[in-house]
Every structure is written in structure tokens, then in C-alpha cells.
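> kindly generate the corresponding structure for this input.
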Amino acid sequence: MNGPPAGSPPRGVVLDTDGVLLDSAVVHAAAWKTAFDACLGELAPEPGERSPFDSDAEYRRFVDGRSRYDGAEAFLTARGIRLPPGGPDDPPGCDTVWAVAARKEQAFQDALRTSPVVAYEDAGRALTALCSLRVPCAAVSASRHARALLGAAGLDTLLAAVVDGEDAARLGLASKPDPALFLHAAGLLGTGPRDTAAVEDALAGVRAARRGGFGLVVGIDRTPDGHGTAALREQGADLVVPDLATLVRSVWGERA
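Numbering: from 1, shown residues only. Now for the predicted structure:
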């Protein structure tokens, strides 16, 4: 674990949702695998590019933290697949980028019916501790489901603001690694980026926070063996921790 930069603790915190507050990244990754694997055999131009989607490494590299469309396009391009964009109303399929994204959305919705998303055990405790310190927190997500899932998990009452995929579409905010989501959330908190911590588990999210000029960029590596830590540091994380309780204790000196 890196040490936090010296100076006053941040006055606000912007946290990613999937993989930081909610145990939902694995559900998103599995849904992407369902969508991509169904199309790879049909679309990949070379046999070596038809191998199944890696729901760990490729999810982190190409999809995690991005909007559905941007994630689908990034992965397909990496596999040498060029599809027409299509439109947001395209049905699930493999003919357009939007169709592949819709296939992922269908798989994600199917998964939610059988495996409800829950909050990480440390998330509520950490947010409660920050509230007691009068440090306002906002959640951000490229997912259009984030607001509803945070409410179902009981975390919404501990957050001063939520910026999700619905807000991004309405306001025209670019997805990560663009810092627009983080900067908008910091604005809602009333703290400038230099006075705000940004907390992310996604590589694209860490890059976004660094580009946005946030005073403390925190990587969350919840992998059992810590194999994501080095990549988070390489992308610009000032501090990498295994959970939010460790973050609160390390930066604010408060037990969560």
C-alpha cells in the first residue's frame, strides 16, 4: 500500500460504484462475456482473435468504467472487429456496436433477476464514518443502473450525490477515461478536484481521476492476491488499498 500524500485530508470524496461500493463488477464482467463470446466466433477475422473474452484481464483493460457503447467498441476494435455503430434502439445481436452492447444489457438484466447486487461489507461503514467527519461523498458510474442499485443496497442515504449513466446521457458527459463524470460529481459536492479524493477500481477510472486533477487518486484492489495493484499504480493511483475501511483509516485516521 502506498502512503497518502502529505497535507490536509480531502474535503470530499467521489467514489466509483461497481467494484468500489457494490459487488457488481463480477456481474457486469459475466454479462460482457456472454455478449462477446456469442459474437467472437462469428465476427473475429482471424482464428487467434476468436478466443473467449477474458472476464478478468480484458474486462479491466477494455470495458471496466466505460459506457456500454465505448466498452463494446474498445474490445471489438482490439480483436480486429469493425462494426457499424448502429443506434441505441438496436436489438441484442452482433450486427452493430449498439447491438452487442444491447446483448450485454440483456445478459445483465437476466443476471439481476437471479443474483441481486449487494454492497461490500465495508462500504456502508466507510460512508458512515465519512459522514460523521462531515466529508461529503458522491457515487459515480457509467452504468444506467447505478442509482437504483445503490438505493436497493441502502447506500443512497449516505451519499450527497449520485451521477450515473442516465445523468451522463442527459448532460452529455463523456465516459472514462475522460474525467467528466468525476468533475461533475465534485461540483455537486461543492469541492474542487484538488480538494477531493477520487476512488476507483478500474484502470480507466484511475486515468480519469488523474486527468481531472484530483488531489488524491485512490485505487481499490479487492483481488485476493492483490494482482491488480501494480496496474492501478501505473495508471496514476497515489494510494492503493484493499478496501474502503483501510482508506478511511489511512487518510482520515478514523476507524470504519
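> contacting residues for Pro193?
179, 182-183, 186, 212-215 (Cβ atoms under 8 Å, 6 or more residues apart in numbering). Every C-beta, even on glycine, is put in place using the N, C-alpha and C of the backbone.
> run the last query once more with 7 Å
Taking Cβ atoms under 7 Å, 6 or more residues apart in numbering as the criterion, Pro193 is in contact with 183, 186, 212-215.
> how close does it sit to Cys39?
38 Å (Cβ to Cβ, to the nearest Å).
> pick the one among the contacts of Pro193 closest to Arg79.
Nearest to Arg79 among these: Gly212, at 29.8 Å, using Cβ to Cβ.
> who are the neighbours in contact with the residue nearest to the spatial centre of the chain?
The chain has Gly65 as the residue nearest its centroid, 3.7 Å off, counting by Cα atoms, centre = their mean. Residues near Gly65 by Cβ under 7 Å, 6+ apart: 16, 142, 176, 202, 204-205.
> apart from its chain neighbours, what residue comes closest to it?
Ala202 (3.3 Å; Cβ to Cβ, 6 or more residues apart in numbering).
> pretty sure the residue nearest to the centre of the chain is in a helix, no?
No. Counting by DSSP: H, G, I helix; E, B strand; the rest coil, one finds Gly65 to be coil, located in no helix.
> most surrounded residue in the contacts of Pro193?
Of all the contacts of Pro193, the highest neighbour tally under other Cβ atoms under 10 Å goes to Phe214, namely 30 neighbours.
> correct me, but it touches Glu200?
No. Between Phe214 and Glu200 there is no contact under Cβ atoms under 7 Å: 9.9 Å.
> can you give me the pLDDT of the residue nearest to the centre of the chain?
Gly65 carries a pLDDT value of 80.
> quickly find the element holding Val199.
Using DSSP states H and E, Val199 falls within strand 196-200.
> what is that strand packed up against?
strand 12-16, helix 180-189, helix 203-211, strand 216-220 (3 or more Cβ pairs under 7 Å, 6 or more residues apart in numbering; DSSP states H and E).
> let's see that with 10 Å instead.
When contacts are defined as 3 or more Cβ pairs under 10 Å, 6 or more residues apart in numbering; DSSP states H and E, strand 196-200 packs onto strand 12-16, strand 137-140, helix 180-189, helix 203-211, strand 216-220, strand 239-241, helix 244-252.
> okay, those in CSV with distance to Glu58 and mean pLDDT next?
Output for those, formatted as CSV (distance: least, Cβ to Cβ, whole Å; pLDDT from 0 to 100):
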stretch, distance to Glu58, mean pLDDT
strand 12-16, 19, 98
strand 137-140, 23, 98
helix 180-189, 22, 97
helix 203-211, 12, 96
strand 216-220, 19, 98
strand 239-241, 21, 98
helix 244-252, 26, 96
